[in-house]
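Engineer: requesting a structural model of the entry that follows:
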Amino acid sequence: MLRMVSFGFDYHWAQIGQLSTVNWEKHTRNCQLCSLGASGAEGVSCYLSRQEKQVPQDQYNLVTYLAYILYAPLYLAGPIITYNAFASQLETIQRAYTKKDIAVYGLRWLCCLLLMEFLTHFCYFNTLAISGVWQMLSPVEIFVIGYGVLNFMWLKFLLIWRFFRFWALIDGIETQENMVRCLNNCCDLEGFWKSWHASYNRYLVRYLYIPLGGSKWRFLNVWVIFTFVAIWHDLEWKLLSWAWVTCILWAPELLVKALMRSPQMADFKKTTSYKQCCALAGSLNITGLMMANLVGFVVGPAGMRLLASQMLSPENIPLLLIIIFSFYIGTKLMFAIRERETRVKEGKKQDNSKKQLID
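Structural biologist: Just a heads-up that it's a prediction; the model follows:
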């Protein structure tokens, strides 16, 4: 269904001559990989470039359409790929990944599989959650089980999506990577969804979020989008509950981010207090995100009421504060990792600029 929608939109936009959702030429200039492709290295470009650049009109045909819908490596559960990105790679296969890169990618997947085997045989998070045994445990044990289930889910989907992406890469088709950042290195809802099912997130932005009005109607769009995502997974009450709880949690985050973008907050963002507030907000976001995912994929709405009643009881309030404080420390660590990544990225940009000047 997602592929049929993608073909319909891309074909329609090609017919009416609508510009792509991003300035493709600007992207090509700023992206190191795409700039190589623009300078003559055929097939060297990033997935974003292939997705946003329209393919020739003659590639919107029945044969390519059926090949896109039924493409074996991505048919069952692979990362979703847009029609434009798929069709562009039929003529010119991707050259961004060498055989060595693909082999290393496969080896890393094998290591993740061995980790999953270890967790399956020695850590019984899912069994304790699904069987209902967790209802007889203490709040600390429930919290550990919930945290373990989320990490298990992250690793499970990583194995599924990366296996099929690995298969497609061997065949010469590049898709966007899902699970681009570890579950334990996400402290806000927006960043979490951009890194969890990243290809689906970009799909929703392209075909749902922007056509619905984009940032102008952001607070309403999230309700439509997450309801669509829940029904796309399955028509179950617990999934709809998960979607709506996520939207409720998203509202204050969007408000705070919009407030911080205002010119009046420019000076405050330079202070130490701002960083502390961000870390505290991150810890609250992680707590809410765990609750939402436990509702949707583990305990359901009824179990969530029981869990919330236990966690919010007077004798367990100190424990809840300790949990939030642990997330606060973890968020500070995430910020340090982000700052290091930024420094490395800036260093690479400077090196590339120097290299271009020398050339």
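
Engineer: output the lowest mean pLDDT helix or strand found in this protein.
Structural biologist: Ranked by mean pLDDT, DSSP states H and E, the weakest helix or strand in the chain is helix 32-38, scoring a mean of 56.

Engineer: what about the helix or strand that it is followed by, average pLDDT?
Structural biologist: The C-terminal neighbour of helix 32-38 among helices and strands, as given by DSSP states H and E, is helix 47-52. For helix 47-52, the mean pLDDT works out to 73.

Engineer: elements contacting whichever helix or strand comes after helix 47-52?
Structural biologist: Following helix 47-52 in sequence order, the next helix or strand is helix 62-69 (DSSP H and E). Counting contacts by 3 or more C-beta pairs under 8 Å, 6 or more residues apart in numbering; DSSP states H and E, helix 62-69 packs against helix 2-16, helix 83-91. For the C-beta atoms, the positions are set from N, CA and C on the backbone; glycine is no exception.

Engineer: show me the contacts for the closest residue to N185 other than its chain neighbours.
Structural biologist: Excluding the flanking residues, the one nearest N185 by C-beta to C-beta, 6 or more residues apart in numbering is M334, at 5.5 Å. By C-beta atoms under 8 Å, 6 or more residues apart in numbering, the contact list for M334 reads 185-187, 282.

Engineer: repeat that for D10.
Structural biologist: 54-55, 60, 82-84.

Engineer: can you select the buried ones among those residues for me in ChimeraX?
Structural biologist: Restricted to buried positions by 16 or more other C-beta atoms under 10 Å, the ChimeraX selection for the contacts of D10 reads:
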select :54,55,60,82,83,84
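
Engineer: now flag whichever of the contacts of D10 is closest to A129.
Structural biologist: T82 (35.4 Å; C-beta to C-beta).

Engineer: off-centre distance for stretch 85-96?
Structural biologist: 23 Å (C-alpha atoms, centre = their mean, to the nearest Å).

Engineer: buried stuff in that stretch?
Structural biologist: 85-89, 94-96.

Engineer: tell me where the model's unsure across the chain.
Structural biologist: Across the chain, the ranges flagged by pLDDT under 70 are 18-45, 296-303, 349, 351-359.

Engineer: can you rerun that using 80?
Structural biologist: By pLDDT under 80, the weakly predicted segments of the chain are 17-54, 91-96, 129-146, 238, 288-317, 319-320, 345-359.

Engineer: tally up the residues packed near F164, please.
Structural biologist: 20 (other C-beta atoms under 10 Å).

Engineer: that one is in contact with P73, isn't it?
Structural biologist: Yes: applying C-beta atoms under 8 Å, one finds F164 in contact with P73, separated by 5.6 Å.

Engineer: can you give the domain ranges for this structure?
Structural biologist: 2-91, 186-359 (automatic domain parsing).

Engineer: of all the ones you listed, which one is nearest I130?
Structural biologist: In this view, those are compared for proximity to I130 by C-beta to C-beta, and domain 186-359 is the closest at 7.5 Å.

Engineer: picking that back up, okay if I get the contacts of M334 as a markdown table plus secondary structure, distance to F228 and neighbour count?
Structural biologist: Listed next are these as a markdown table, based on DSSP: H, G, I helix; E, B strand; the rest coil; distance: C-beta to C-beta, whole Å; neighbours: other C-beta atoms under 10 Å:
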| residue | secondary structure | distance to F228 | neighbour count |
| --- | --- | --- | --- |
| N185 | helix | 27 | 15 |
| C186 | coil | 22 | 22 |
| C187 | coil | 26 | 25 |
| G282 | helix | 27 | 21 |
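
Engineer: which of those residues lies closest to C112?
Structural biologist: Of all the contacts of M334, C112 sits closest to N185, with 15.9 Å by C-beta to C-beta.

Engineer: from G132, how far off is the closest one?
Structural biologist: 31 Å (C-beta to C-beta, to the nearest Å).

Engineer: S241 now?
Structural biologist: 18 Å.

Engineer: before we move on, what about H121?
Structural biologist: 22 Å.

Engineer: which residue ranges form the strands in the stretch 51-200 of the chain?
Structural biologist: Assigned by DSSP state E, counting those that start in this stretch, the stretch 51-200 of the chain shows no strands.
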